[in-house]
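# show me the folded form of this:
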Amino acid sequence: MIDLTGVKHHQALSEMVDVICNKTQNTDRGFFQVEVAYFLSKMASSMRAEIVTKDRGDIPVNCYALALGTSGFGKGHSISICEEEFMKPFERRFMEDTMPTIADQSLWDIANDRTARSGGDQQEEYDKVSKEYRGAGAFPFTFDSGTSPAVKQLRNKLLMAGCGSINLQIDEIGMNLVGNTEVLTLFLELYDQGRVKPKLVKNTADNQRNEDIQGKTPTNMLLFGTPSKLLDGGQTEDQFYTFLETGYARRCLFAWGQVSKRAKETQSAEEIFRNLTQPTNGAIIKKWATHFHDLADPAGFRWRMLVEDDVAIRLLEYKIACERAAEQLPEHEEIQKAELNHRYFKALKLAGTYAFVDASTEVEMDHLMSAILLVEESGAAFKSILNREKAYVKLAKYLSAVNTEQTHADLHEALPFYKASNSARNEMMTLAAAWGYKRHIVITKSFVDGIELFQGKTLAETNLNEVVVSYSDHWAFNYLAEKVPFDQLHLLTQAPGMHWTNHHFKNGEKGQGHRTEENAQAGFNLIVIDVDGSIPLATCHDLLRDYRFLTYTTKRHSDQENRFRLILPMNYFLELDTEDYKGFMNSVMDWLPFKTDESANQRAKKWECFDGDYHYNEGELLDVLSFIPRTSRNEHFVQEGRKLQSLDNLERWFAQRIASGNRNNQMIKYALALVAWIW
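Alright, predicted model coming up:
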């Protein structure tokens, strides 16, 4: 992109934002800069300022802006500062002096033109034109809602007046977007040149069609509000994205206001008061308010600003750079491409605004570079809007943050975007679970008296230097709770006369743990399995060679009947109660390719140490998400298992791994496993 090193924002914009930041006690300038750019453009377009280019002809100055900020950001206060303190002198002079003067002259021009064509009386034609002009109603300098016919009527009035602009300013856009769909659709046409085709209505004696007037009516628009209401994951957000796709992405300047650390958090009340009342605020307001009053002089009407060759070439360089950047984006990012490809046009219009504010007859290089700077910051804000958290992401984070189970009613009350319909809820919950899958968030579902309950947990990844064990030289008492390195676990499993478990127990940190289910503390990261002769040890090693594990033989182990213990470290540290642990271990044992001792599904289960043979295998940690009860992945695992319930463990192991193109390989492995088993 173009080099913006050392480029500063326009003086008027920068100083006005300084005042707004002081008065709102908010230091996030991005929101206020876009807001001020809109108001400056509103002045220029009201005076029908035009940019004169050699390649595109005359271009009217105008601005569309979308500014989002959280509640309490200072949106309403900043708008009030702009309107009442900075812009009021311009508006008053324009409405009371400039517009009536220019409108009267324009009405005479229209009357004279019609008189020349019809050969009628000049005064009569003027009276007709004047009546038509007054019949369109009073001119609203700014309006917050409307209809398409009303906007077209206002546009016709401004064409007759020969001055003024159409200025739409909608607060709380999230709540008002859908209700203003009609007028916002019309504004898509009005942006470039301020032209729109009239609607054909039936002509009657009581409702006669007026004669069309050719011309341009510059149009400005400011949409602002909270992002949560606009990006609600529902109808409003869908409509918003439709507008972006159909043209607002390329037309708007964007701002995403983040609540920064306000001054009240770092300053005393006296310091804040001094900031609010410092004399420089009043001096800057008076300076620019007086200057804007002067800009409303009729002598500044139809101010024309020439774009010289060097500025035009720099603008073309920026256009080419934007187009090249857009080409690098993937095809599916159409909205981002449109916004990038048209940044140059927004920059040109904003540069014209700056030239008008400076009363310059040329769009100078500084004007263009300052405009490009703001447009680039707008592009960054636009990216933030597109990359905002989706509704299902917020749902997943909310469930993982609360410590209690949530009903649909709880979620609907706490989360405005949570839908009422079952299909929408199910889809959002499915997406939330899928999003959380790679981010260590597990969402569980259960039913109590027919009521569906949800709970989210953020899982901690297993640290292999801290695997959970408890051990004692007594089978029931005096268990010491510790976390030990997995690669040193054999020092415990081979210790004669010791007993150990994969859970901690109450008072275990003092070495006084009593091994009972009631005393077991939720939290484990090792799966321990007893294998009593159901498979040869070497075959077990071969079948599980992709996973990290430790095996050690027990005292009843023999060459004829292999008895050993299998220890699998998990990829996550899980906290499961008695019932869920039992369901978890049952799923693990169903997954294994051999029969095991089913008593391993008890949290208080203990294993005896024995100084036999042990073996470590390097591999990946076992992914246990499919085994966690009451999750969508476990439901899928159980359903798939039912399809193969007629098969034994070894047959299921290979059947689940058969995919297109590897069936023969899996069958050969199955046959070899059987041979090894027999021998």
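# low-confidence ranges, this structure, go.
The model of the chain has pLDDT under 70 over residues 1, 198-212, 259-267, 657-679.
# can you list the domains in it?
As assigned by automatic domain parsing, the chain contains the domains 11-198+214-386, 391-458, 460-643.
# including distance to Asn649 and mean neighbour count, could those go into CSV?
(Glycine included, C-beta is placed from N, CA and C.) Compiled in CSV, those are given as follows (distance: least, CB to CB, whole Å; neighbours: other CB atoms under 10 Å):
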stretch, distance to Asn649, mean neighbour count
domain 11-198+214-386, 44, 19
domain 391-458, 26, 16
domain 460-643, 5, 17
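# turn those into CSV, including distance to Trp653.
Converted to CSV, these look like this (distance: least, CB to CB, whole Å):
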stretch, distance to Trp653
domain 11-198+214-386, 39
domain 391-458, 24
domain 460-643, 3
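# which one of these lies nearest to Ala655?
When these are compared by CB to CB, domain 460-643 sits nearest Ala655, at 9.1 Å.
# the domains of the chain: which one's closest to Gln656?
Gln656 sits nearest to domain 460-643 of all the domains of the chain, at 7.2 Å, using CB to CB.
# ok, longest strand in the chain?
Selection of the longest strand in the chain by residue count, based on DSSP state E, yields strand 563-574.
# show me the contact partners of the helix or strand that that one is followed by.
Sequence order places helix 578-591 as the next helix or strand after strand 563-574, per DSSP states H and E. Around helix 578-591, the neighbours that count as contacts under CB atoms under 8 Å, 6 or more residues apart in numbering are 517, 520, 524, 527, 529, 574, 576, 596, 598, 600-603, 624, 626-630, 634, 637-638, 641, 649, 652.
# cutoff 6 Å now
527, 576, 596, 600-601, 603, 627, 629, 641 (CB atoms under 6 Å, 6 or more residues apart in numbering).
# and the angle for it with strand 563-574?
130 degrees (axes from the mean of the first three to the mean of the last three CA atoms, to 10 degrees).
# how far does helix 578-591 sit from the chain's center?
When C-alpha coordinates are averaged (CA atoms, centre = their mean, to the nearest Å), helix 578-591 and its chain have centres 38 Å apart.
# what's the following helix or strand after it?
Next helix or strand after helix 578-591 toward the C-terminus (DSSP H and E): strand 607-608.
# other SSEs contacting the next helix or strand after that following strand?
Next in sequence after strand 607-608, counting helices and strands by DSSP H and E, comes strand 614-617. On a contact count with 3 or more CB pairs under 6 Å, 6 or more residues apart in numbering; DSSP states H and E, strand 614-617 meets strand 549-553.
# give the pairing partners of the strand it packs on; include direction for each.
strand 563-574 (antiparallel), strand 614-617 (antiparallel) (DSSP bridges).
# give me the element Ile535 is part of.
Judged by DSSP H and E, Ile535 forms part of no helix or strand.
# isn't it up against Phe594?
Yes: the pair Ile535 / Phe594 is scored as a contact, 3.9 Å apart, by CB atoms under 6 Å.
# so who does the spatially most central residue of the chain touch?
Centroid check for the chain by CA atoms, centre = their mean gives Arg388 as the closest residue, at 0.8 Å. Taking CB under 6 Å, 6+ apart, we find Arg388 in contact with Leu231.
# that one and Ser534: what is the separation?
53 Å (CB to CB, to the nearest Å).
# and for Asp192?
For Asp192, the distance to Ser534 equals 77 Å [CB to CB].
# give me the contact list for stretch 450-463.
By CB under 6 Å, 6+ apart, the residues outside stretch 450-463 that reach it are 399-400, 405-407, 440-446, 525, 569-573.
# any idea how far that stretch is from the chain center?
For stretch 450-463 - counting by CA atoms, centre = their mean - the centre lies 24 Å from the chain centre.
# same question for stretch 179-188.
Mean-position distance between stretch 179-188 and its chain equals 24 Å (CA atoms, centre = their mean).
# make residue 1 into 55 and carry on from there
All set: I'll call the first residue 55, so the last point we hit is now stretch 233-242.
# what sits up against that stretch?
By CB under 6 Å, 6+ apart, stretch 233-242 touches 199-200, 202, 205, 275, 301.
# can you check stretch 528-547 too?
518-526, 553-554, 558-559, 562-563, 565, 567-569, 604, 606, 623, 663, 668.
# would you put the C-alpha positions of that stretch in PDB?
Taking Å, rounded to 0.1, in the frame of the first residue of the first chain, the C-alpha atoms of stretch 528-547 are listed here in PDB:
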ATOM      1  CA  HIS A 528      -1.800 -49.400  52.600                       C
ATOM      2  CA  TRP A 529      -4.700 -50.500  50.300                       C
ATOM      3  CA  ALA A 530      -7.200 -47.900  51.700                       C
ATOM      4  CA  PHE A 531      -5.500 -45.300  54.000                       C
ATOM      5  CA  ASN A 532      -2.700 -42.700  54.000                       C
ATOM      6  CA  TYR A 533      -2.800 -41.900  50.300                       C
ATOM      7  CA  LEU A 534      -0.400 -39.000  49.300                       C
ATOM      8  CA  ALA A 535      -1.500 -36.800  46.500                       C
ATOM      9  CA  GLU A 536       1.200 -35.800  44.000                       C
ATOM     10  CA  LYS A 537       1.800 -34.700  40.400                       C
ATOM     11  CA  VAL A 538       4.700 -36.500  38.800                       C
ATOM     12  CA  PRO A 539       6.500 -36.600  35.400                       C
ATOM     13  CA  PHE A 540       4.900 -39.300  33.200                       C
ATOM     14  CA  ASP A 541       8.400 -40.500  32.000                       C
ATOM     15  CA  GLN A 542       9.200 -41.200  35.700                       C
ATOM     16  CA  LEU A 543       6.000 -43.000  36.500                       C
ATOM     17  CA  HIS A 544       7.700 -46.400  36.400                       C
ATOM     18  CA  LEU A 545       9.500 -45.600  39.600                       C
ATOM     19  CA  LEU A 546       6.100 -45.800  41.300                       C
ATOM     20  CA  THR A 547       4.500 -48.600  39.300                       C
END
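# helix or strand for the residue nearest to Tyr446 when sequence neighbours are not counted, which one?
Leaving out its chain neighbours, the residue that sits closest to Tyr446 by CB to CB, 6 or more residues apart in numbering is Leu485, at 3.8 Å. Assigned by DSSP H and E, Leu485 belongs to helix 476-491.
# which is the next helix or strand following that helix?
strand 495-502.
# same for that following strand, what does it pack against?
Strand 495-502 packs on helix 445-455, strand 505-512, going by 3+ CB pairs under 6 Å, 6+ apart.
# distance to Lys636 for those - can I get that in JSON lines?
Below are the helices and strands packed on strand 495-502 laid out as JSON lines (distance: least, CB to CB, whole Å):
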{"stretch": "helix 445-455", "distance to Lys636": "24"}
{"stretch": "strand 505-512", "distance to Lys636": "18"}
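# ok so His466 is a strand residue?
No: using DSSP: H, G, I helix; E, B strand; the rest coil, the assignment for His466 is helix, not a strand.
# and Phe140, how far from Ala405?
In terms of CB to CB, Phe140 sits 21 Å off from Ala405.
# surely Ile227 and Met275 touch.
No: using CB under 6 Å, Ile227 is not in contact with Met275, being 10.3 Å away.
# hmm, back to that, give me the element the residue nearest to the centre of the chain is part of.
Applying DSSP H and E, one finds Arg442 in no helix or strand.
# check the secondary structure at Ala463 for me.
helix.
# distance-wise, check it relative to Phe355.
Applying CB to CB to Ala463 and Phe355 gives a distance of 61 Å.
# many thanks, we can stop here.
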